[in-house]
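Enquirer: quick one: sequence plus predicted model below, questions after.
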Amino acid sequence: MCEISESDCCGNGCTNCILDSKPLSTKRADLTQKKNILHTYRKYKLIEINHYNNRPHLIQLKFTIAEENGDNKQLTEFILDCPPGHHLMMRAPVFDGTGIRCNKTVLRPYSPFWTDMTEFQFKILVNLKPNGQMTKYIEKLKLNDEVEFRGPIGVFVYEPSLNADSSLVIFCQGVAIAPTIPILERILHNEDDNCRIYHFSCFQNIDSIIFREKLIEFNRYWNFSSETYLSHQKCSECCDLSFNGGCEHFKRLLKYKEQVKPRRLSMQIISSSLEEIKSTKKQFVVCGSNTFQEFIKDCLIKCDINKNCIFVF
Ligand SMILES: Cc1cc2nc3c(=O)[nH]c(=O)nc-3n(C[C@H](O)[C@H](O)[C@H](O)COP(=O)(O)OP(=O)(O)OC[C@H]3O[C@@H](n4cnc5c(N)ncnc54)[C@H](O)[C@@H]3O)c2cc1C
């Protein structure tokens with residue numbers, strides 16, 4: 001088990017702070033009788049780096065465990081397990097204005113959207129923030145650089161549902177769609193899991209949608225449906241996007257059966273969507289900025305959803 005101290009907290013007031021949700025043994029680690037390599041800080045080598053869909057502020061990073069003393073033989077007793085809905089803490093050195101390393105580190109949580117348990121690899125998608133402390137470090141990363149991570153951190157537990165009377169309702173915003181992808185894959189790739197998924201994602205405009213192709217692919221499953229809301233979508237040819245579904249120009253940007261709406265997700269939309277979900281057992285997942293989390297939680301509570309069924313990260 002891993003030791004946690006005050007200095008392990010990133011100080012950003014995360015909903016699931018590492019100090020409250022200490023990384024625990026995972027089901028898969030127990031089943032394989034192996035230790036989770038993520039439990040202590042280790043170095044991971046950057047093996048892929050690319051801009052997501054050519055967007056300058058969005059980069060995708062792929063890491064693999066860095067070799068210790070030139071070999072990885074001692075890894076046979078480990079697996080890398082970051083359960084869906086959990087995140088990793090990245091730790092980076094801090095440098096002063098002259099480029100000299102200070103005796104400090106910066107910590108920030110990131111949510112892998114893909115992991116390989118036995119190859120000890122994972123991918124994260126990072127939305128670079130102007131003048132952000134970790135952003136400055138990430139922007140300078142090059143292939144083969146080594147970066148420290150530990151985890152998994154989080155409280156979300158998902159149990160597969162054998163009957164069709166359960167549903168998982170997910171609300172996410174921007175890059176925070178990333179932690180929802182492994183949750184969706186875990187459910188949809190399990191033929192025995194009959195949980196219905198209702199996925200609501202929010203972005204600024206059609207060009208800023210992340211994992212659009214994945215959502216289209218998931219929509220082929222009988223138990224998945226998604227709606228995407230665009231708060232700042234404009235039409236370059238006409239000015240009226242306000243009516244139901246958007247103008248003809250906007251509709252031409254959509255793919256077959258894609259449910260993308262050029263408006264903000266509102267309390268009214270949430271309330272009427274929830275009325276249509278008939279399952280008796282409902283679980284809710286909310287991923288996004290603090291403001292987004294508060295807004296969605298508030299809407300759900302106003303719709304009489306028990307707050308114990310709402311997971312926020
Ligand atoms: C559970 C969890 C999972 C996450 N997963 C991801 C993920 O998968 N991908 C991802 O991209 N992000 C993720 N994040 C967010 C991530 O952890 C970082 O917060 C983000 O990358 C920004 O970090 P930073 O150090 O670059 O910016 P910060 O230094 O934290 O600053 C953020 C922004 O605020 C501004 N700012 C900072 N201080 C001030 C101030 N005093 N006054 C005015 N402005 C200020 C900065 O200029 C910058 O634009 C996650 C967060 C949480 C809580």
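Expert: Now that the structure is in, tell me what you want to look at.
Enquirer: Ile59: what secondary structure?
Expert: Following DSSP: H, G, I helix; E, B strand; the rest coil, Ile59 is assigned to strand.
Enquirer: these two touch, right, Leu254 and Val260?
Expert: Yes: here Leu254 reaches Val260: they are 5.5 Å apart, a contact under C-beta atoms under 8 Å. Quick note: C-beta positions are derived from backbone N, CA and C, even for glycine.
Enquirer: the two: which is more packed in?
Expert: Shown here are Leu254 and Val260; by other C-beta atoms under 10 Å, Val260 has more neighbours (23 against 14).
Enquirer: name the nearest residue to that one, sequence neighbours excluded.
Expert: Closest residue to Val260 apart from its sequence neighbours, by C-beta to C-beta, 6 or more residues apart in numbering: Thr228 at 4.5 Å.
Enquirer: partners of the helix or strand harbouring that neighbour, with directions?
Expert: Counting by DSSP states H and E, the element that carries Thr228 is strand 224-230. Each strand paired with strand 224-230, and its direction, by DSSP bridges: strand 196-203 (parallel), strand 260-261 (parallel).
Enquirer: how about residues contacting the shortest one?
Expert: Looking back up the chat, that one is strand 260-261. Strand 260-261 is contacted by residues Ile206, Ile209, Glu227, Thr228, Tyr229, Leu230, Gly245, Gly246, Leu254 when judged by C-beta atoms under 8 Å, 6 or more residues apart in numbering.
Enquirer: who's in contact with Val285?
Expert: The neighbours of Val285, taking C-beta under 8 Å, 6+ apart as the test, are 85, 156, 168-172, 180, 183, 310-313.
Enquirer: can you check Ile301 too?
Expert: Contacts of Ile301 by C-beta under 8 Å, 6+ apart are Lys307.
Enquirer: got any ranges where this protein has weak pLDDT?
Expert: Confidence mapping of the chain against pLDDT under 70 gives the ranges 1-2, 69-73, 239-245.
Enquirer: which parts of it sit against the ligand?
Expert: 12, 14, 87, 108-111, 124-127, 129-135, 175, 178, 313 (C-beta under 6 Å from any ligand atom).
Enquirer: now the buried members of the residues you listed.
Expert: Buried residues within those, defined by neighbour count using 16 or more other C-beta atoms under 10 Å: 14, 87, 108-111, 124-127, 134-135, 175, 178, 313.
Enquirer: hang on, the earlier thing: from the contacts of strand 260-261, which is closest to Gln60?
Expert: Ile209 (15.1 Å; C-beta to C-beta).
Enquirer: one step back: go through the strands paired with strand 224-230 and name the closest to Ser21.
Expert: Ser21 lies closest to strand 196-203 among the strands paired with strand 224-230, at 23.8 Å (C-beta to C-beta).
Enquirer: what lies in contact with the helix or strand that that closest one is followed by?
Expert: As assigned by DSSP H and E, the chain's next helix or strand after strand 196-203 is helix 212-218. Contacts with helix 212-218, where a contact means C-beta under 8 Å, 6+ apart, come from Ile181, Leu184, Leu188, Ile197, His199, Ser201, Ile209, Phe224, Ser226, Thr228, Lys255, Glu258.
Enquirer: how about the strands of the stretch 51-200 of the chain, start to end?
Expert: Ranges of strands in the stretch 51-200 of the chain, per DSSP state E, counting those that start in this stretch, are 58-65, 78-79, 87-95, 101-110, 114-116, 121-127, 146-153, 166-173, 196-203.
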